[in-house]
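J.: fold the following for me, if possible:
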Amino acid sequence: MALGTFIKGLQNIMRKDSGVDGDAQRLSQIAWMLFLKVYDSREEAWEFLDPAYKSIIPEPCRWRNWAVDKKDGKAMTGDDLLFFVNTVLFPTLKKIEITEKTPMKKAIVKLVMEDMSNYMKDGTLLRQVVNEIDSVDFGDYKEQHAFNEIYEALLKSLQSAGNAGEFYTPRAVTDFIIQMVSPRLGEKVADFACGTGGFLVSSIKALEPQVKTVGDREKLQSSIYGCEWKALPHLLCVTNLLLHGLDEPNILHGDSLSKNVREYGDEDKFDVIVMNPPYGGSTASSVLGNFPADMQTAETADLFMVLILYRLKEMGRVGVVLSDGFMFGTEGAEYTIKEKLFAECNVHTIIRLPHSVFAPYTSITTNLLFFDKTGPTKETWFYRLDMPEGYKNFSKTKPMKLEHFAPAVSWWDAREEIIDTEGFPKAKCYPIEELKAGKYNLDMCGFPHEVQEILEPMELLANYHAKKAEADERITKILSEIVSVLEKR
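T.: As a prediction, this is how the structure comes out:
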């Protein structure tokens with residue numbers, strides 16, 4: 001299967017359709033069809049294991065019964081296909097009745113399809129797209145795992161579509177964080193802003209080798225939890241987890257910040273929390289009321305840090321990606337949140353990532369924060385991960401890879417202080433007293449200088465748009481804080 005051109009081929013077909021406006025709609029169109037195709041593939045496996053299995057999807061609406069072209073001249077196309085999709089398929093799937101007793105692997109159909117739409121207006125072009133997607137055999141082991149490449153192509157297209165400043169975490173970063181927090185079978189792993197499921201897939205890969213029995217498999221099935229409030233990433237996440245063997249993806253479609261954090265009980269807490277909180281967002285004043293008054297802020301990343309503190313089990317572990325805004329802030333809510341963090345948790349490691357890890361989608365410098373709930377912080381190690389040899393910048397064609405974390409992995413257990421050739425600290429341990437004295441400004445092992453590089457015109461343009469988006473986010477944050485203050489008067 002020529003995966004490199006698969007997504008582009010589908011997009012090119014849809015560009016001929018007057019009903020699909022832009023890459024975001026094209027990707028949404030591809031996503032719901034991929035989901036139904038993948039779900040049908042999983043149902044074949046469930047039927048094989050349990051002959052009594054009955055699909056929650058009515059027979060005429062199952063992928064195998066309307067989408068598959070058997071080349072006998074009976075497959076729907078043109079106006080007939082368009083009529084079926086618009087007036088039968090979507091209304092039926094959106095009206096599926098589910099209850100609290102409905103297994104998640106069945107309820108997920110309604111949950112992911114209720115916010116999807118068919119944008120195509122040309123039934124003949126729709127048939128072409130359906131046939132292309134149906135040509136992928138997700139029941140085949142090799143092609144099932146090849147979905148990773150299709151998935152990556154979808155993510156790159158989604159990023160290029162500029163969806164509201166969303167940036168997806170590179171696989172190398174998710175794999176490294178999971179390697180360091182080391183989830184164990186039987187533990188509950190959560191990502192409260194899971195996007196398309198990168199951290200959760202990395203978790204599954206880490207837990208899979210620990211599965212030895214049927215009971216172990218059941219533990220894995222109930223170990224993963226996610227929440228995503230945007231429809232398209234939620235659908236992609238569910239599809240991705242289904243393909244990675246999670247038959248009942250517990251991925252909620254909603255806002256993790258919508259509940260009062262003080263209402264969470266022990267049953268709502270997790271052993272491992274891994275995430276890349278969205279930053280720069282504008283939070284509604286109604287949501288702010290879910291947080292203690294001295295921790296209320298319009299910055300969504302800060303609120304997610306508070307949420308983590310309230311939903312982490314005793315002895316639990318966290319690995320989180322944070323921008324410099326949280327790390328360096330020394331006033332207001334950011335100071336209060338960090339004061340609580342260091343008092344209640346052991347913040348043992350902070351890794352400063354090299355620039356351009358998320359390039360060209362954003363140039364904001366990011367950090368990895370690792371802590372556990374084993375007691376208050378006594379000391380924190382800071383480690384600066386330098387750009388790998390031969391690299392001046394990461395880019396689309398030269399992304400960060402897991403092997404680039406090798407120096408950090410080697411240092412992790414040794415915990416030795418390192419001074420670089422220019423006399424700057426590359427790795428250093430700071431006692432909590434020193435961090436408190438600095439009001440928790442965590443810029444302790446920063447880069448001594450920035451490396452300049454002449455980029456290709458398209459990358460320069462992408463960087464310009466990324467920096468413009470950052471400026472817009474800062475302005476939005478400031479305006480949100482002003483509005484919040486005015487509303488409280």
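
J.: only C-alpha atoms for contact and neighbour calcs from this point on.
T.: OK.

J.: can you map out the helices along the stretch 201-350 of the chain?
T.: 214-221, 231-243, 285-288, 300-311, 324-328, 332-344 (DSSP state H, counting those that start in this stretch).

J.: downstream of the helix or strand bottoming out on mean pLDDT in the chain, the next helix or strand is which one?
T.: Within the chain, no helix or strand scores below helix 141-160, which has a mean of 59 by mean pLDDT, DSSP states H and E. Once the chain leaves helix 141-160, the next helix or strand it forms, by DSSP states H and E, is helix 171-181.

J.: which parts of that following helix are buried?
T.: Under the neighbour-count criterion of 16 or more other Cα atoms under 10 Å, helix 171-181 has 171, 172, 173, 174, 175, 176, 177, 178, 181 buried.

J.: how near is the spatially closest residue to the fifth one that is not a sequence neighbour to residue 441?
T.: Using Cα to Cα, 6 or more residues apart in numbering and skipping residues adjacent in sequence, the residue nearest residue 175 is residue 202, 5.5 Å away. Counting by Cα to Cα, to the nearest Å, the separation of residue 202 from residue 441 is 31 Å.

J.: is it true that residue 114 touches residue 96?
T.: No - here residue 114 does not reach residue 96: they are 9.5 Å apart, not a contact under Cα atoms under 8 Å.

J.: neighbours around residue 389, how many?
T.: 7 (other Cα atoms under 10 Å).

J.: give the contact list for it.
T.: Residue 389 sits next to no residue when contact means Cα atoms under 8 Å, 6 or more residues apart in numbering.

J.: is it in a helix, a strand, or coil?
T.: At residue 389 the chain is in coil, as set by DSSP: H, G, I helix; E, B strand; the rest coil.

J.: show the contacting residues for residue 216.
T.: 185, 210.

J.: and if you look at residue 69?
T.: Residue 69 neighbours (Cα under 8 Å, 6+ apart): 75, 131.

J.: go again using 10 Å as the cut-off
T.: Listed by Cα atoms under 10 Å, 6 or more residues apart in numbering, the contact partners of residue 69 are 75, 76, 77, 127, 130, 131, 134, 135.

J.: would you confirm that the fifth one contacts residue 30?
T.: Put plainly, it is residue 130. Yes - between residue 130 and residue 30 there is a contact at 9.0 Å, judged by Cα atoms under 10 Å.

J.: who's more crowded, those two?
T.: residue 130 (22 against 19).

J.: and the angle for whichever strand in the chain runs longest with helix 300-311?
T.: Criterion DSSP state E: the longest strand present in the chain is strand 312-323. Following axes from the mean of the first three to the mean of the last three Cα atoms, to 10 degrees, one obtains 170 degrees for the angle between strand 312-323 and helix 300-311.

J.: show me what strand 312-323 is packed up against.
T.: helix 171-181, strand 189-191, strand 270-275, helix 300-311, strand 346-352, strand 366-372 (3 or more Cα pairs under 10 Å, 6 or more residues apart in numbering; DSSP states H and E).

J.: each with direction, which strands does that strand pair with?
T.: strand 270-275 (parallel), strand 366-372 (antiparallel) (DSSP bridges).

J.: CA atoms only: put that strand into PDB for me.
T.: The C-alpha coordinates for strand 312-323 follow below in PDB (Å, rounded to 0.1, in the frame of the first residue of the first chain):
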ATOM      1  CA  LEU A 312      -3.300  12.200  41.000                       C
ATOM      2  CA  LYS A 313      -3.300   9.300  43.400                       C
ATOM      3  CA  GLU A 314      -1.000   9.000  46.400                       C
ATOM      4  CA  MET A 315       2.300   7.500  45.000                       C
ATOM      5  CA  GLY A 316       1.200   8.500  41.500                       C
ATOM      6  CA  ARG A 317       3.500   9.700  38.800                       C
ATOM      7  CA  VAL A 318       3.300  12.500  36.200                       C
ATOM      8  CA  GLY A 319       5.100  13.400  33.000                       C
ATOM      9  CA  VAL A 320       3.900  16.700  31.400                       C
ATOM     10  CA  VAL A 321       5.000  19.000  28.600                       C
ATOM     11  CA  LEU A 322       4.900  22.700  29.600                       C
ATOM     12  CA  SER A 323       5.800  25.900  27.800                       C
END
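
J.: okay, angle between that strand and helix 171-181 too, please.
T.: Going by the same axes, to 10 degrees, strand 312-323 makes 150 degrees with helix 171-181.

J.: separation between residue 33 and residue 373?
T.: From residue 33 to residue 373 the distance is 42 Å (Cα to Cα).

J.: so for these two, which sits in the more crowded spot?
T.: The neighbour comparison of residue 33 against residue 373 (other Cα under 10 Å) goes to residue 373, with 21 against 18.

J.: what's near enough to touch that one?
T.: 271, 309, 312-318, 341-342, 344-347 are the contacts of residue 373 under Cα under 10 Å, 6+ apart.

J.: so where's the stretch 301-450 of the chain uncertain?
T.: Within the stretch 301-450 of the chain, the ranges that satisfy pLDDT under 70 run 359-363, 446-450.

J.: ugh, typo on my part, it should be the stretch 51-200 of the chain
T.: Judged by pLDDT under 70, the stretches of the stretch 51-200 of the chain that qualify are 138-167.

J.: at 80 instead, please
T.: Scanning the stretch 51-200 of the chain for pLDDT under 80 picks out 137-168.

J.: okay, now the domains of the protein?
T.: Here the domain parsing of the chain from automatic domain parsing is 3-156, 175-488.

J.: and the last one, how far from the chain's centre?
T.: Distance, stretch centre to chain centre, for domain 175-488: 11 Å (Cα atoms, centre = their mean, to the nearest Å).

J.: how about the shortest one?
T.: The chain centre lies 22 Å from the centre of domain 3-156; the measure is Cα atoms, centre = their mean.

J.: before we move on, back to that, so what's in contact with residue 130 and residue 30 at the same time?
T.: In contact with both residue 130 and residue 30: residue 10, using Cα under 10 Å, 6+ apart.

J.: residue contacts, residue 388?
T.: 354, 394, 400, 403, 404, 405, 406, 407.

J.: can you list the buried residues in stretch 44-59?
T.: For stretch 44-59, using 16+ other Cα under 10 Å, the buried residues are 46, 56, 57.

J.: who's in contact with that stretch?
T.: Contacts for stretch 44-59 (Cα under 10 Å, 6+ apart): 38-40, 42-43, 62-63, 65-66, 89, 92-93, 96-98, 102-103, 105-110, 139, 247.

J.: winner for burial among the strands paired with strand 312-323?
T.: Mean neighbour count (mean count of other Cα atoms under 10 Å) peaks for strand 270-275 among those, with a mean of 25.

J.: the spatially most central residue of the chain in helix, strand or coil?
T.: By Cα atoms, centre = their mean, the chain has its centre lying nearest to residue 195, at 3.2 Å. What three-state DSSP gives for residue 195 is coil.

J.: nearest residue to it other than its sequence neighbours?
T.: In space, residue 195 is closest to residue 233, 5.1 Å off (Cα to Cα, 6+ apart).

J.: again, but for residue 93
T.: Residue 93 sits nearest to residue 110 (Cα to Cα, 6+ apart), 5.8 Å away.
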